[in-house]
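*Asks:* Model the following, please.
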Amino acid sequence: MQRERYPGEATGLRSFLIGLQPIVARELGPDCLLLHAIRRALRTGSLADLRRARQMFNFLPREQKRRVSSGMVAAERGLDRPSPEGASGPWVAFDGGASADRRVAPAIGLAPAGDGPEHGLRVLVRAGTLPSVAAGTLRRIAELIEADRRLLSARFWRGAERDAGGEGS
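*Replies:* The predicted structure follows:
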């Protein structure tokens with residue numbers, strides 16, 4: 001039985017391969033060996049399979065590796081990322097109501113991406129995402145909201161709607 005070389009090696013490799021899979025399929029085609037190795041590694045979860053798939057990526061010819069790497073960077077920047085509505089799940093949904101009572105825990109469960117709460121907030125996290133990545137992203141979003149509280153102000157948005165509607169009158 002193989003052991004991880006460092007804590008979280010398997011989780012890191014799995015996360016890397018999950019991000020790599022759609023780019024490899026698009027750039028190198030659905031029949032390439034690397035895509036087959038990625039699918040096998042993600043299906044089995046074996047550390048040896050995860051390492052083998054990463055090694056196959058490392059051994060790609062320079063031009064192919066550059067194309068795949070560029071696709072990953074573009075996806076990370078959001079230039080190539082599909083919307084959550086079009087992405088397949090499963091998604092872990094954290095639903096919080098408009099209540100300010102912190103004793104009421106948010107509802108947590110699996111959900112399709114298209115459904116949303118009528119009131120409150122829904123955060124969707126793709127299964128397999130590293131918890132630290134999800135938490136860090138949520139912290140950055142919370143800092144943006146805190147810096148610009150108008151984002152949550154109904155009065156601000158109603159005023160913007162009136163201004164937009166009033167221009168044509």
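
*Asks:* For the rest of this, base every contact and every neighbour count on C-alpha atoms.
*Replies:* Will do.

*Asks:* can you tell me which helix in this protein is longest?
*Replies:* helix 9-28 (DSSP state H).

*Asks:* If you count contacts, what does the next helix or strand along the chain from that helix end up packed against?
*Replies:* Going down the chain from helix 9-28, the next helix or strand is helix 33-44, by DSSP states H and E. For helix 33-44, the packing partners by 3 or more CA pairs under 8 Å, 6 or more residues apart in numbering; DSSP states H and E come out as helix 9-28, helix 47-58.

*Asks:* for the last one, packing partners?
*Replies:* The elements that helix 47-58 packs onto, with contact taken as 3+ CA pairs under 8 Å, 6+ apart, are helix 9-28, helix 33-44.

*Asks:* And the first one, by the same measure?
*Replies:* Under the contact criterion of 3+ CA pairs under 8 Å, 6+ apart, the helices and strands touching helix 9-28 comprise helix 33-44, helix 47-58, helix 62-76.

*Asks:* Of all the ones you listed, which one is nearest residue 7?
*Replies:* helix 47-58 (12.4 Å; CA to CA).

*Asks:* What's the mean pLDDT across the closest one?
*Replies:* When pLDDT is averaged over helix 47-58, the result is 94.

*Asks:* Can you give me the buried ones in it?
*Replies:* By neighbour count on 16 or more other CA atoms under 10 Å, the buried set for helix 47-58 is 47, 48, 49, 50, 51, 52, 53, 54, 57.

*Asks:* Contacts only, for the last one.
*Replies:* So the one you mean is residue 57. Contacts for residue 57 (CA atoms under 8 Å, 6 or more residues apart in numbering) come out as 34, 65.

*Asks:* What count of nearby residues applies to residue 136?
*Replies:* Applying other CA atoms under 10 Å, we find 11 residues neighbouring residue 136.

*Asks:* and it, how far is that from residue 72?
*Replies:* 20 Å (CA to CA, to the nearest Å).

*Asks:* do the same with residue 145
*Replies:* Distance from residue 145 to residue 72, by CA to CA: 28 Å.

*Asks:* Neighbour count: these two, which is higher?
*Replies:* Taking other CA under 10 Å, residue 145 and residue 72 do not tie; residue 72 has more neighbours (22 against 13).
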